[in-house]
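**Q** Got a predicted structure here, sequence first:
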Amino acid sequence: MISLGLDLSTQSLSAVLIDSTAGEIIHEHAINFAESFPEFETENGFIRGPKQEFYSYPQLYLKAIDKMMHDLQEFNPRIESISISGHQHASVYLNASLPKILAELNQSDQLSEALTPAFSRPIVPIWMDNSTTEECLEMDKNLNGSVTELSGSLYCERFTAAQIRKFYKNSPEAYTETQYIHLISSFCASVFAGKNVSIDSSDGAGMNLMNLATSQWDDNLLEACAPNLKAKLPNIEPASTVAAKASNYFVEKYSLNPNCDICLSSGDNPNSLIGCGATDPGTVVISMGTSDTFFGAIGNEPIDTKGIGHIFGNPAGGFMSLICFRNGSLSREAALKSTGLNWQEGEKLISENTPFKESNYLPFIVDEMYPSCAAQINEESLSSFLPTKALVGLIESQILNLRFFAAKHAKNINTIRLTGGASQNTAIAQMIADVFQAKVERIEISNSAALGSAMRAANASGQESWDSLNKNFTAAKSQLLPNSSNASIYEDKLKAYAHLLQTI
Ligand code: ADP
Ligand code: XUL
């Protein structure tokens, strides 16, 4: 079966096309938002608003989908199933015209223009948004503190419930006009299906609205958030659901196979869990994309996160736990920029200076969630550091921070699967092996979210087993062993870093 996985991430839309019968990755393609669509004037795919607001535009995402399907034309007639990955928590707000517009899309249309009348809100608040503390406190008060037990996470600023409540409070008329609230993942799947499709229970768990025990909307959580919310939300179904055949729009305009199944979409982290071959407990994943995340499958019983991190659904069944760090690749990019080096030179600098000889520091260029604190350094302070301190010191401090918080979710880590854009950097990968004193494995491609979506499409539509998909696509292609002579150095550094955290 030929399956397409699409990953709509913060910075880009990427595609991975697999042939699950032959066990081959056929094609990869990526469209960078800021480079391909400069007219939206985004910074790396997003816009910074006042007071910790971060958002993007639904039109930008639709333009990227049209461009992607145009670029993939030579493969489209053979594609038998599609699934999509979306950056988690982001919400899309639509009015009553959506079903008609989706059903009547015509090949002479452009998605971004045809769907414009359907948006009841011109922006998509994204996961970087940190502007909803007030709404979180209000909802927590409404629920008397039971949110973690019900939904798997404390109320979080970036989660969909807080964003919906803020919209309802600030724009009550537009909220009333809104008939459909989608996640970015389910919105994109609806566009491909030509009709409204469900939210999957893995990504749905990142909303503070779904009851983890039932995988359905929770009336108390909905009530604490905003009025008449249930009527605006799609149904929730398992990620393994085939939602529809591809919409005629894609068949007629881009020669997509008319029998192509559109499978339910999911979030980037649940998809990455699949794409890293980490569906069973035991292997943990570090994803170094725009955000850095630490996650792993946890079986059928949610664990008590003690307020650190979250429980989401595992698309292959059961649950996964996750900790998300806001300071990921963009902080590393800022550090690299301050040295004037490119990544190839930066990689050499890191490998020659691991372990970093000086003291570590709090490596946060934007406000961080773990630990919860305001930014501690800026581009100016980085420029005043020597290149080793700016780049090696920042990345080593980030990894110590990761290890400190990861220990709250997983003890005795032996194997780490590394993914995301920065996983290509072998010096960073080796530093992770040394700091965690664990084996680091990488799969063939760095975009595990797109690969995971393609694998999910093959599983849902073609009944391909996880075993055979894992055998063909997620075997480790490289392995880095920890340098044991660095073990005690990093134990000491971790203790010193833990002291530093207490100063916040
Ligand atoms: P997302 O999926 O969140 O949009 P990606 O996983 O595609 O992000 O990662 C993009 C990031 O990868 C870029 O911001 C860039 O900083 C980082 N990156 C790419 N190559 C390297 C490298 N060799 N070393 C470190 N970081 C890199
Ligand atoms: C996870 C999170 C981010 C986004 C973007 O909770 O907010 O990882 O999914 O990657």
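**A** Great, that's in hand. Residues are numbered from 1 along each chain as shown. Ligands and ions are numbered 1, 2, ... in the order given.
**Q** got the residues of the stretch 401-504 of the chain near ligand 1?
**A** Residues of the stretch 401-504 of the chain lying close to ligand 1 by CB under 6 Å from any ligand atom are 420-422, 424-425. In short, each C-beta sits where N, CA and C put it, glycine included.
**Q** Does Y497 belong to a helix, a strand or coil?
**A** helix (DSSP: H, G, I helix; E, B strand; the rest coil).
**Q** Name the residue of the stretch 51-200 of the chain that lies nearest to ligand 1.
**A** Using CB to the nearest ligand atom, H87 is the residue of the stretch 51-200 of the chain that sits closest to ligand 1, at 6.8 Å.
**Q** Return the residues in contact with that residue.
**A** 8-10, 126-127, 184, 267-268, 290 (CB atoms under 8 Å, 6 or more residues apart in numbering).
**Q** show me which of those neighbour ligand 2.
**A** Of these, the ones that also sit near ligand 2 (CB under 6 Å from any ligand atom) are 10, 127, 267-268, 290.
**Q** and the two most separated of the residues you listed?
**A** Farthest apart among the ones next to ligand 2 among the contacts of H87 by CB to CB are G267 and T290. That separation is 13.7 Å.
**Q** Quick one: name the residues of the stretch 101-250 of the chain near ligand 2.
**A** Counting by CB under 6 Å from any ligand atom, the stretch 101-250 of the chain sits next to ligand 2 at 127, 158, 206.
**Q** 5 Å instead, please
**A** Contact residues (CB under 5 Å from any ligand atom) of the stretch 101-250 of the chain with ligand 2: W127.
**Q** on that earlier part again, so which of the contacts of H87 are also by ligand 1?
**A** With CB under 5 Å from any ligand atom as the criterion, the contacts of H87 include 9-10, 290 near ligand 1.
**Q** Filter those down to the buried ones and express that as a PyMOL selection.
**A** Applied in PyMOL, the following selects the buried portion of those according to 16 or more other CB atoms under 10 Å:
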select buried, resi 9+10+290
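**Q** which residues of the stretch 401-504 of the chain score low on pLDDT?
**A** By pLDDT under 70, the stretch 401-504 of the chain contains no weakly predicted segment.
**Q** Could you give the number of residues near the residue of it at minimum distance from ligand 1?
**A** Here the residue of the stretch 401-504 of the chain nearest ligand 1 is G421; by CB to the nearest ligand atom that distance is 2.0 Å. Around G421 there are 20 other residues, counting by other CB atoms under 10 Å.
**Q** quick one, phi/psi of it?
**A** Torsion angles at G421 (phi, psi; degrees, to the nearest 10) stand at phi -50, psi -40.
**Q** rewinding a little: which one among the ones next to ligand 2 among the contacts of H87 gets closest to ligand 2?
**A** W127 (3.6 Å).
**Q** correct me, but that closest one touches S56?
**A** No - using CB atoms under 8 Å, W127 is not in contact with S56, being 10.4 Å away.
**Q** Neighbour count: those two, which is higher?
**A** Set W127 next to S56 and count neighbours by other CB under 10 Å: W127 wins out with 26 against 22.
**Q** Can you name the residues that contact the more buried one?
**A** 10, 54, 87-90, 158, 291, 324 are the contacts of W127 under CB under 8 Å, 6+ apart.
**Q** let's see 6 Å
**A** 87-89, 158 (CB atoms under 6 Å, 6 or more residues apart in numbering).
**Q** now swap in N470 and tell me
**A** Applying CB under 6 Å, 6+ apart to N470 gives the contacts G277.
**Q** So it versus F319, what's the distance?
**A** Relative to F319, N470 is positioned 19 Å away (criterion: CB to CB, to the nearest Å).
**Q** before we move on, what about G420?
**A** G420 sits 22 Å away from F319, going by CB to CB.
**Q** what's the answer for V435, then?
**A** For V435, the distance to F319 equals 27 Å [CB to CB].
**Q** from the residues of the stretch 401-504 of the chain next to ligand 1, which two are the most distant?
**A** Pairwise over these, using CB to CB, the maximum falls at G420 and N425, 10.3 Å.
**Q** More neighbours: which of these two?
**A** Neighbour comparison, G420 and N425: the larger count goes to G420, with 24 against 21 (by other CB under 10 Å).
**Q** Assess the claim that that one and M288 are in contact.
**A** Yes - using CB atoms under 6 Å, G420 makes contact with M288 at a distance of 4.1 Å.
**Q** Just send the residues of the stretch 401-504 of the chain next to ligand 1 back as JSON lines, with distance to D280 and secondary structure too.
**A** Shown next, in JSON lines, are those (distance: CB to CB, whole Å; DSSP: H, G, I helix; E, B strand; the rest coil):
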{"residue": "G420", "distance to D280": "21", "secondary structure": "coil"}
{"residue": "G421", "distance to D280": "26", "secondary structure": "helix"}
{"residue": "A422", "distance to D280": "25", "secondary structure": "helix"}
{"residue": "Q424", "distance to D280": "26", "secondary structure": "helix"}
{"residue": "N425", "distance to D280": "27", "secondary structure": "coil"}
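**Q** can you pull out the helices in the stretch 151-300 of the chain?
**A** Taking DSSP state H, counting those that start in this stretch, the helices of the stretch 151-300 of the chain run over residues 160-170, 172-177, 184-193, 201-204, 219-225, 248-254, 268-275.
**Q** In terms of secondary structure, what does the third one contact?
**A** Spelled out, it's helix 184-193. strand 81-86 (3 or more CB pairs under 6 Å, 6 or more residues apart in numbering; DSSP states H and E).
**Q** which residues are contacting the very next helix or strand once past the strand it packs on?
**A** Where DSSP states H and E defines the elements, the next helix or strand beyond strand 81-86 is strand 91-94. Strand 91-94 has contacts (CB under 6 Å, 6+ apart) with 58, 118, 120-121, 124, 160, 163, 178, 180-182, 187.
**Q** List only buried entries from those residues.
**A** Neighbour-count burial (16+ other CB under 10 Å) applied to the contacts of strand 91-94 gives 58, 118, 120-121, 124, 160, 163, 178, 180-182, 187.
**Q** Out of the residues you listed, which comes closest to I2?
**A** F187 (24.5 Å).
**Q** Quick check: the closest one vs A498, distance?
**A** Distance from F187 to A498, by CB to CB: 41 Å.
**Q** again, but for R121
**A** Taking CB to CB, one finds R121 at 42 Å from A498.
**Q** Quick one: residues contacting L382.
**A** L382 makes contacts with 335, 338, 390, as judged by CB under 6 Å, 6+ apart.
**Q** now swap in M210 and tell me
**A** G204.
**Q** switch the cut-off to 8 Å
**A** Contacts of M210 (CB under 8 Å, 6+ apart): 151, 201, 204, 216-218, 221, 236.
**Q** Out of those residues, who's the most crowded?
**A** Counting neighbours by other CB under 10 Å, G204 comes out on top of these with 31 neighbours.
**Q** Skipping its backbone neighbours, what lies nearest that residue in space?
**A** Closest residue to G204 apart from its sequence neighbours, by CB to CB, 6 or more residues apart in numbering: M210 at 4.5 Å.
**Q** Ok, G340 next?
**A** Distances taken as CB to CB, 6+ apart place P387 nearest to G340, at 7.9 Å, with adjacent residues excluded.
**Q** distance of that neighbour from ligand 2?
**A** Look at P387 and ligand 2: by CB to the nearest ligand atom, to the nearest Å, they are 28 Å apart.
**Q** I'd say that residue and L336 touch.
**A** No - using CB under 8 Å, P387 is not in contact with L336; the gap is 9.4 Å.
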